[in-house]
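Enquirer: A predicted structure for the sequence below; I have some questions about it.
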Number of protein chains: 4
Amino acid sequence: MARTRLLLSLRWGDMDAYRHVNNVELLRLLEEARVRAFGIAAPDGSAPMLATGMVVAKHTVEYLRPLDYRLAPIAVDLWVGRVGGASFEVDYEVVEPDEASAVYVKASTVCVAYDFDAARPRRLGEDERARLAGLAG
Amino acid sequence: MARTRLLLSLRWGDMDAYRHVNNVELLRLLEEARVRAFGIAAPDGSAPMLATGMVVAKHTVEYLRPLDYRLAPIAVDLWVGRVGGASFEVDYEVVEPDEASAVYVKASTVCVAYDFDAARPRRLGEDERARLAGLAG
Amino acid sequence: MARTRLLLSLRWGDMDAYRHVNNVELLRLLEEARVRAFGIAAPDGSAPMLATGMVVAKHTVEYLRPLDYRLAPIAVDLWVGRVGGASFEVDYEVVEPDEASAVYVKASTVCVAYDFDAARPRRLGEDERARLAGLAG
Amino acid sequence: MARTRLLLSLRWGDMDAYRHVNNVELLRLLEEARVRAFGIAAPDGSAPMLATGMVVAKHTVEYLRPLDYRLAPIAVDLWVGRVGGASFEVDYEVVEPDEASAVYVKASTVCVAYDFDAARPRRLGEDERARLAGLAG
């Protein structure tokens, strides 16, 4: 119920020599979706979800069908999975906007809240945990 | 009069360690504007401007002020400069959409019509030259 | 025993705004290691390991410690895991060349042999399976 | 006489859908050459050429022949052109290491010494100007 959908544009340069969107560039798109949804601004335009940014601890990415470059945006649906003391999971699907059954990529990222001034992970605050939980799938 | 404006989204990953949009990534944005305006589809949605694609022969790029990542798109204004027998010039400005006097980048690219099957440049046809001339600034 | 070590250079542009090598760019390094080891040429300089190229079906990537840009190359150790009828697994570690205990990334990729002319996966031949098995860790 | 030669490795991912090294990625290679030669460390391993880093004010890049991905490094020759009060020009050629007449790219970049703490350009010191002049072509 708390899926956030982001419509993101591809770039011609996302293609590789196989003339499909390169698998690494798809991670770049997931990064962009994650930053827009959780890092910089909440989906409703309110204050950022996280006070201090986050780092990636783990990615799991499955490529289900090739994605070709086109002018129209693609959709990245994302939601929050497990929320831990210092980390949370973001789950995503890259889908055709008008045809939710056409799934290009399924992925999951473990994000760790990180205090860049102190150069170390930090615990999530109660408020952050509550807001993240509100985005649970 | 025939400026084409494209609104393009930045990506968080376009920033470099200086925390501005990297100067190389700005070329990636110009590529995207060029492909969307001249390579794949005409601005009015009609057939592609060029039958066989194009290669880049030369770039000149001036960086006038730093561009920071943000969620809102930036504008790339582009128009056609000189049209030659086998090449044409694309001129661009990367500007703040709501404030045309805020220019981040001025650039110019010499594009050469290229026949990828034959692996060589080719002359522009009369029809192509006429359509490109219609986009002259 | 059949680990292949590749020494790869970082690029300044691999860093992101956090001033570490970006997690997505680390996938680019794994791609480069994979291409050099399995796609284009065998580690011993003989014919390519695969006749027709490969596509990525799945990545699993764990980031264990931040990697900073520096002039000296880093090491990607890779070896073949499970070999199936049409796919095989590549396992990797990104490590400090002179200090094998310093592991930055552990990752695993499921690669599918792909016939680009026919635009579909294809079964691995006996010869390919034997050569891949020879690189098993 | 004071050309500095850097041997840099290509990455498979530098290719675009045309199966040549993408023109934007060639700027990435020039950036890497510039950082290695002038930004981070002097060619002789002594202290960095510049105390505070630099930003790019202008690029001029001519693409003379297509560059294909291959395992062997390519050479970037670079030298210092005009040195001004707050800026200097870097000139480059991307060439085949064993065949200097095979030039892929000729380029020139205007670099501005930049004080990132103060967020503004700064004048080059006498020592910096002398060292840069020592790298003049």
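Expert: Arrived safely, thanks for sending. Since the model is a prediction, treat every value here as computed from it, not as a measurement.
Enquirer: Residue A:135: what's its closest spatial neighbour, skipping adjacent residues?
Expert: Of all residues not flanking residue A:135 in the chain, residue A:80 sits nearest, at 4.3 Å (Cβ to Cβ, 6 or more residues apart in numbering or on different chains). For the C-beta atoms, the positions are set from N, CA and C on the backbone; glycine is no exception.
Enquirer: If you count contacts, what does the one helix or strand the one you found maps to end up packed against?
Expert: Applying DSSP states H and E as the criterion places residue A:80 in strand A:74-83. On a contact count with 3 or more Cβ pairs under 8 Å, 6 or more residues apart in numbering or on different chains; DSSP states H and E, strand A:74-83 meets strand A:4-8, helix A:23-34, strand A:87-96, helix A:126-133.
Enquirer: For chain C, see how far away the residue nearest the centre of chain A is.
Expert: In chain A, the centroid-proximal residue (Cα atoms, centre = their mean) is residue A:34; its distance is 3.2 Å. Distance, residue A:34 to chain C, using Cβ to the nearest Cβ, to the nearest Å: 11 Å.
Enquirer: Please point out which parts of the strand holding residue A:80 sit buried.
Expert: Using 16 or more other Cβ atoms under 10 Å in any protein chain shown as the burial criterion, the residues of strand A:74-83 that qualify are A:74, A:75, A:76, A:77, A:78, A:79, A:80, A:81, A:83.
Enquirer: With distance to residue C:64 and pLDDT added, can I get these in JSON lines?
Expert: Compiled in JSON lines, the buried residues of strand A:74-83 are given as follows (distance: Cβ to Cβ, whole Å; pLDDT from 0 to 100):
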{"residue": "A:74", "distance to residue C:64": "31", "pLDDT": "97"}
{"residue": "A:75", "distance to residue C:64": "32", "pLDDT": "97"}
{"residue": "A:76", "distance to residue C:64": "27", "pLDDT": "97"}
{"residue": "A:77", "distance to residue C:64": "29", "pLDDT": "96"}
{"residue": "A:78", "distance to residue C:64": "25", "pLDDT": "94"}
{"residue": "A:79", "distance to residue C:64": "26", "pLDDT": "94"}
{"residue": "A:80", "distance to residue C:64": "24", "pLDDT": "93"}
{"residue": "A:81", "distance to residue C:64": "21", "pLDDT": "93"}
{"residue": "A:83", "distance to residue C:64": "22", "pLDDT": "91"}
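Enquirer: wait, which of those is closest to chain C?
Expert: Nearest to chain C out of these is residue A:76 (Cβ to the nearest Cβ; 14.5 Å).
Enquirer: Give me the nearest residue to that closest one, chain neighbours excluded.
Expert: In space, residue A:76 is closest to residue A:33, 4.0 Å off (Cβ to Cβ, 6+ apart).
Enquirer: same check, this time on residue A:72
Expert: Sequence neighbours aside, residue A:97 is the residue nearest to residue A:72 in space, at 7.7 Å (criterion: Cβ to Cβ, 6+ apart).
Enquirer: backbone phi and psi for that neighbour, please?
Expert: For residue A:97, the backbone dihedrals (degrees, to the nearest 10) come out as phi -60, psi -40.
Enquirer: what's the average pLDDT for the longest strand anywhere in chain A?
Expert: Scanning chain A for the longest strand, with DSSP state E as the assignment, gives strand A:99-115. What strand A:99-115 shows for mean pLDDT is 92.
Enquirer: same check, this time on stretch A:11-27
Expert: Stretch A:11-27 carries an average pLDDT of 95.
Enquirer: Pull that stretch out as CSV, backbone CA atoms only.
Expert: Below are the C-alpha coordinates for stretch A:11-27, written out as CSV (Å, rounded to 0.1, in the frame of the first residue of the first chain):
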residue,chain,number,x,y,z
ARG,A,11,19.4,8.5,-21.2
TRP,A,12,20.7,7.3,-24.6
GLY,A,13,24.1,6.9,-22.9
ASP,A,14,22.6,4.3,-20.5
MET,A,15,22.9,1.8,-23.4
ASP,A,16,25.9,-0.4,-23.7
ALA,A,17,27.4,-2.0,-26.8
TYR,A,18,24.6,-4.6,-26.7
ARG,A,19,22.1,-1.7,-27.3
HIS,A,20,20.1,-2.4,-24.2
VAL,A,21,20.2,-0.3,-21.0
ASN,A,22,23.3,-1.5,-19.3
ASN,A,23,22.8,-3.6,-16.1
VAL,A,24,25.1,-1.2,-14.2
GLU,A,25,23.2,1.8,-15.3
LEU,A,26,20.0,0.2,-13.9
LEU,A,27,21.7,0.5,-10.5
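Enquirer: Alright, I will stop here.
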